[in-house]
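> prediction below, plus the sequence it came from.
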Amino acid sequence: MDPPAADPGSAKAEGTGAQGEMDLPVADPGPVKDEGLLQCPYCDSEAMHKLAQFLLPGLAAVCVDGTTGDLFRKPSVVAVDLRKEMVDYMTQRSETFIADALIESEASQGADSEMPEDPYEIISIFMDDFSSSKRNIIGHVSGWLLSDSRDDKIDDFVQEMEMTKFWPLERREVIAEVLLKNVDLKTKFHCPEKYENEERLANHKAQCSFRPVTCPNDGCRATVSVRCMQDHDSACLFKILQCEQHCEKHLLRRDMDRHCVTVCDMRPMKCPFGCDSSFPERNLQEHCSEFLQLHLLKVLQGIHKKGFTDDELKDRAIQLEKSDDHGKLAKAQDARSLTNIVKDLEVKMKPSS
C-alpha cells in the first residue's frame, strides 16, 4: 500500500477551494462576528478532541470500503479526494442540522421523536451516511462490514496515516471545532455569548467557563475547558493520589490498580493457616502471633490425624509453645513452615505420655 501523501498545508496541494475546508489555520482565529456582534470562540475542548480523534478512523473506513476488491485503487490513492469530500459533506450537513432539527421537531409534535444531542452521535450519523454513499459493491455486503478483515484493514490504514502525518490532529481539531459548534443545538458544548465590542468580549473570555486550560498534573498534556477540569482531574491518569488501601505510598492514578494488587502491604489477604480471618498483608506477623494457638491446633490435627483427643492436642500446643525458646513458632507465616517447626520441636520434646 502506497502511503498517502503528507498534508502539505498549502492551497496548491489540494486545489483551490480545498484549502478553505481542509486546512483551516490552527491558530486561534479570534472572535466570530454574528449579526454584527462578536461571538466567544471557546468550546468544550475534550468534546472537540474526541470528535477530532474520530475523524481519522472514519476516513480510513470510507477509503477501505470504497476500494475493497478493486485491483487498481488502494485506500492511499483515494484518501486525499475522499478527505475533502467527507469534510465538505459533514460541514454542509452540520450547517443545516439545527434548522433541520427544529423543522423535524415541529413536524413530529406529540410523536416519540427525539433528535440526538450528543455531538459525537450526530457526527457519527453524518459519517455513516457519507461512508455508505462511497462503498462499492463489495463494501455494501453485510459480511464484509462485520468482518475482522475489514477492521484490520481500517486499523492498518489509520496507523499508516498517522505515521505519514497525512491528517495531523491539530488540523482535525479545527474541523472538529466547526462541526461541534454547528450541531450543538442547546449550546452545551460551546459558549453562546456575544458582545458588541472587543473589550467586553475580552472581559468575558477571561472568565468564560469554556476557556481552555492545561491540566496541571505532570505528564498530562490534556487541554480541557475550565468547566470540565474537575471531571478531568477526577479521572486523570497522571493525578498523584494516596494509595486507595491507605498505605503510605503516593502514586499516579494509572499505577494504582497494579500497586494495590501486587506490592501494596495493605492489600487484603486471608489467613494462610485456614482460619476465617482477613487482614492487611502488613499485619500477617501480628496475626500469626496473636492466633498462634489456633494455628498450632490446625497443624497438629494434620500431623496427628488419629490418636489424640481435642484436649490432648490443646495440651500439646501449650507444651510446644513453652518449649519454643527462640520464638520460631510465632514467626512462621504459613502452614508448611509451622509444620516443620512443630515436627522439629516434637522430636526434641520428651514424650508426654
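Sure, I can see it.
> wait, what's in contact with Phe279?
Counting by C-beta atoms under 8 Å, 6 or more residues apart in numbering, Phe279 touches Pro268, Met269, Cys271, His287. Backbone N, C-alpha and C define where each C-beta goes, glycine included.
> now the residues you listed as JSON lines including distance to Asn203 and pLDDT?
Below are the contacts of Phe279 laid out as JSON lines (distance: C-beta to C-beta, whole Å; pLDDT from 0 to 100):
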{"residue": "Pro268", "distance to Asn203": "54", "pLDDT": "94"}
{"residue": "Met269", "distance to Asn203": "59", "pLDDT": "93"}
{"residue": "Cys271", "distance to Asn203": "65", "pLDDT": "93"}
{"residue": "His287", "distance to Asn203": "64", "pLDDT": "93"}
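> buried ones from those residues, can you make that a PyMOL selection?
Entered in PyMOL, the line below selects the buried ones among the contacts of Phe279, by 16 or more other C-beta atoms under 10 Å:
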select buried, resi 271+287
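> who touches Val62 in this structure?
Contacts for Val62 (C-beta under 8 Å, 6+ apart) come out as Leu82, Met86, Phe130, Ser131, Lys134.
> where does it land on pLDDT?
Listed pLDDT for Val62 reads 93.
> and the strands in this protein?
Along the chain, the segments classed as strands by DSSP state E run 32-34, 37-39, 194-195, 212-214, 223-225, 240-242, 250-252, 268-270, 278-280.
> dump the ones you listed into TSV; add distance to Gly66 as well.
Converted to TSV, the strands of the chain look like this (distance: least, C-beta to C-beta, whole Å):
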stretch	distance to Gly66
strand 32-34	34
strand 37-39	37
strand 194-195	41
strand 212-214	36
strand 223-225	34
strand 240-242	47
strand 250-252	43
strand 268-270	55
strand 278-280	59
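> residue ranges with poor pLDDT in this protein?
Residue ranges of the chain with pLDDT under 70: 1-35, 105, 107-115, 138-146, 350-353.
> show me where the stretch 151-300 of the chain has helices.
Counting by DSSP state H, counting those that start in this stretch, the stretch 151-300 of the chain has helices at residues 169-183, 198-205, 229-235, 256-262, 284-290, 292-303.
> tell me which of those sits most buried.
Among the helices of the stretch 151-300 of the chain, helix 169-183 has the highest mean neighbour count (mean count of other C-beta atoms under 10 Å), at a mean of 21.
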